[in-house]
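Novice: Sequence isn't available, so here's the structure alone:
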């Protein structure tokens, strides 16, 4: 029984540490930092990147969906590591229609894809040049109602209630 419990615990640990983006895409993705890419996006056109962040908005378009994302640094697993740090915004061009109620503002997302182009837009009244990723993989993270949540997996108590 102890061996089975040890094996199951090990499997859960390994699965919980698995990257959110496939091995194939991670193998071909550039490690150039987002802050460097936005300085000279033309130099990186056609390269694959893995970026993540907080969704600003999702729009349905003729070819699928367009997400606007505030970039946030990623952890080694590819999940958002720090929501309060950003080097800009990017757009995600998805060939799949993504429901705006599911892919809503505030949700965390990791996207892998090719840097296809740049598009002019506005943030408030200011002009902004968005790098556009043509999405190969999109991973929406768990929604914890506006923040991160730690859920303990072991509970201790003596069984007394009020």
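Specialist: Okay, I see it. Keep in mind the model is a prediction, meaning the values are calculated, not measured.
Novice: Pull the contacting residues for the residue nearest to the spatial centre of the chain.
Specialist: Centroid-nearest residue in the chain, with CA atoms, centre = their mean: residue 110, separated by 1.7 Å. When contacts are counted by CB atoms under 8 Å, 6 or more residues apart in numbering, residue 110 touches 20, 21, 50, 51, 52, 74, 78, 79, 80, 138, 139, 141. For glycine as for every other residue, the C-beta is placed from the backbone atoms N, C-alpha and C.
Novice: where does it land in three-state SS?
Specialist: Three-state assignment for residue 110 (DSSP: H, G, I helix; E, B strand; the rest coil): strand.
Novice: now do residue 102
Specialist: For residue 102, the assignment made with three-state DSSP gives coil.
Novice: got it, and residue 26?
Specialist: Following three-state DSSP, the label given to residue 26 is helix.
Novice: Could you give the bridge partners of the residue nearest to the centre of the chain?
Specialist: residue 52, residue 139 (DSSP bridges).
Novice: distance of it from residue 50?
Specialist: Distance, residue 110 to residue 50, using CB to CB, to the nearest Å: 7 Å.
Novice: where do the contact lists of those two overlap?
Specialist: Common neighbours of residue 110 and residue 50 (CB under 8 Å, 6+ apart) are 21, 74, 78.
Novice: Please identify the one among the contacts of residue 110 that lies nearest to residue 104.
Specialist: residue 141 (12.6 Å; CB to CB).
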